[in-house]
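Engineer: Have a look at this prediction, sequence included:
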Amino acid sequence: MSWVFLRDLLSGVNKYSTGIGRIWVAVVFMFRLLVYVAAAENIWKHEHDEFECNIKQPGCENVCFDHFFPVSHIRLWALQLIMVSTPSLLVVFHVAYRQNKHHKQKLHKNPGKIDGGLLCTYLISLILKTGLEIVFLVLFYKLYNGFKIPPLVKCDIKPCPNTVDCYISKPTEKMIFLHFLLATSCLCIVLNLSELSYLIFKYSIKCYLKRHLKKQQ
Amino acid sequence: MDWGALHTILGGVNKHSTSIGKIWLTVLFIFRIMILVVAAERVWGDEQDDFVCNTLQPGCRNVCYDHFFPISHIRLWALQLIFVSTPALLVAMHVAYRRHEKKRQFRKGDQKCEFKDIEEIRKQRFRIEGSLWWTYTSSIFFRLIFEAVFMYAFYFMYDGFRMPRLMKCNAWPCPNTVDCFVSRPTEKTVFTIFMIAVSSICILLNVAELCYLLTKFFLRRSKKAGNSKQQPNHESKEETKQNEMNELISDSCQNTVIGFSS
């Protein structure tokens, strides 16, 4: 079980997405998943070993690390990627349900068309995706006081005997990648909102025109 | 998800690239991505563990490492490769869009559509002309920009491409100016120079491809202008249609030959 599963899931969803949805999938693959696996994971690999406090008191380093990093940035990043990709499963399930119900109807023949119930499911998945992105960004902000990583933190939790200086490893590199994460998340939020507006606008016009034609008849 | 997935995505674009584009892709995968994954990552693997400073002051090593390496070479290369590969996705999307349109025409039963089944549409190789030419040229242009930006960022951040053995650090909490020693400086210098050389080759290939596409575009335009000048003004509609068809036939014959040779 690895990121390949997520990649396959998103590739499957791509078939039933709009143009903007496909751009979203490309952004998630290239700028989030690939950057995470190829670069970011290694930066946080030895974060605990390289976290150093100016004290010899046993346990002080552990306690301070735990206090300042309740959930590591990289784990939050991974969770965010998984949660944000999951609403697409709703669309996949709905399509599978339709295909089971109407055996003869081959949906894959006309993959670009989203209508009726599938449209509602798609819109719900977009709203969930956007919501989850915002939730994780707020969580990052609240847990770490913004997207900054200071090189030095002061810790005075027991068993540290007094206020002790603790040094975080690679703070600049970590901050660069956090800002990258923030930028890509915001881009994905913008793409989701654009897709939402586009679909609502398109189908409202369609409904309006249908009603107008019926009245004329 | 790894570099293999990127290979699958870009491999699809390869079919619609020029010959120079195919060479560029090969250079990218063999001399950059593969070298990065198989060799460079090992060389930089122990970079902080083996970064040693001549002091026992806790925190001094961390701070000095962070000061001299704001972003590690290996991460910068990974980002560069990702950004440089991304414009090819524009071409992939454009091709996918064209295929989708052709499939739609086919399904409507359009008589203009020359394909017999959907499989043929899927396997079709599109010529780089019209709007696809613009997309392809823009992708090459963006690739060039990204390569140049990353090379400059590298040069600017590390004051050249050499990895020194010794760095002098006096950032707090180091008590005074402290000697810090980088692990494997010569090996890192060799790989840095190698990666920079291959980036330069890729830039040259992109410039060559851009020139080739522009030359082809202007030649085609002048050929069409030349053909239209030869036709008399009072030519009938039928004669004009016949001439257009002849041009299309001769163009497609030319491209079939080019297709086979590439």
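Structural biologist: Structure received.
Engineer: Based on its surroundings, how many neighbours for the closest residue to residue B:209 other than its chain neighbours?
Structural biologist: Leaving aside its chain neighbours, residue B:209 sits nearest to residue B:20 (4.1 Å; criterion: C-beta to C-beta, 6 or more residues apart in numbering or on different chains). Glycine gets a C-beta too; all of them are placed from N, C-alpha and C. By other C-beta atoms under 10 Å in any protein chain shown, the residues close to residue B:20 number 20.
Engineer: element containing residue B:20, please.
Structural biologist: helix B:19-27 (DSSP states H and E).
Engineer: Contacts for that helix next, please.
Structural biologist: B:10, B:13-14, B:17, B:140, B:198, B:201-202, B:205-206, B:208-209, B:212, B:262 (C-beta atoms under 8 Å, 6 or more residues apart in numbering or on different chains).
Engineer: got it, and stretch A:173-183?
Structural biologist: So stretch A:173-183 is contacted by A:31-32, A:35, A:39-40, A:43-44, A:73, A:77, A:137, A:140, A:147-149, A:168, B:66, B:69-72, B:75 (C-beta under 8 Å, 6+ apart).
Engineer: buried subset of these?
Structural biologist: Buried residues within those, counting neighbours by 16 or more other C-beta atoms under 10 Å in any protein chain shown: A:31-32, A:35, A:39-40, A:43-44, A:73, A:77, A:137, A:140, A:149, A:168, B:66, B:69, B:71-72, B:75.
Engineer: rewinding a little: just the ones of the contacts of stretch A:173-183 in strands?
Structural biologist: Using DSSP state E, the subset of these located in strands is empty.
Engineer: how many neighbours does the residue nearest to residue B:189 when sequence neighbours are not counted have?
Structural biologist: The shortest distance from residue B:189 to any residue other than its chain neighbours is 4.7 Å, reached at residue B:163 (C-beta to C-beta, 6+ apart). By other C-beta under 10 Å, the residues close to residue B:163 number 20.
Engineer: likewise residue B:162?
Structural biologist: 12.
Engineer: Report the contact partners of it.
Structural biologist: For residue B:162, the contacting residues are B:189, B:192, by C-beta under 8 Å, 6+ apart.
Engineer: where does the chain have its least confident helix or strand?
Structural biologist: Since you didn't name a chain, this refers to chain A. Lowest by mean pLDDT, DSSP states H and E among the helices and strands of chain A is helix A:3-14, with a mean of 75.
Engineer: could you list every residue that touches the residue of the stretch 51-200 of chain B found nearest chain A?
Structural biologist: Going by C-beta to the nearest C-beta, chain A is nearest to residue B:59 of the stretch 51-200 of chain B, at 3.6 Å. By C-beta under 8 Å, 6+ apart, residue B:59 lies in contact with A:52, A:53, A:54, A:152, A:165, A:166, A:167, B:173.
Engineer: ok, of those residues, which come out buried?
Structural biologist: Burial by neighbour count, 16+ other C-beta under 10 Å: within the contacts of residue B:59 this picks out A:52, A:53, A:54, A:165, A:166, A:167, B:173.
Engineer: Okay, and which of these map to helices?
Structural biologist: Residues of the buried ones among the contacts of residue B:59 located in helices (DSSP state H): none.
Engineer: Among these, which lie within strands?
Structural biologist: A:52, A:53, A:165, A:166, A:167.
Engineer: Would you format these as a markdown table with pLDDT included?
Structural biologist: Formatted as a markdown table, those follow (pLDDT from 0 to 100):
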| residue | pLDDT |
| --- | --- |
| A:52 | 90 |
| A:53 | 91 |
| A:165 | 93 |
| A:166 | 93 |
| A:167 | 93 |
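Engineer: Could you work out the most separated pair of these?
Structural biologist: Using C-beta to C-beta, the two most remote members of those are A:52 and A:165, lying 9.2 Å apart.
Engineer: Now for those two: what residues contact both?
Structural biologist: By C-beta under 8 Å, 6+ apart, the residues touching both residue A:52 and residue A:165 are B:58, B:59.
Engineer: Which stretches in the stretch 101-250 of chain B count as strands?
Structural biologist: Remark: strands assigned in the stretch 101-250 of chain B by DSSP state E, counting those that start in this stretch are B:166-169, B:178-181.
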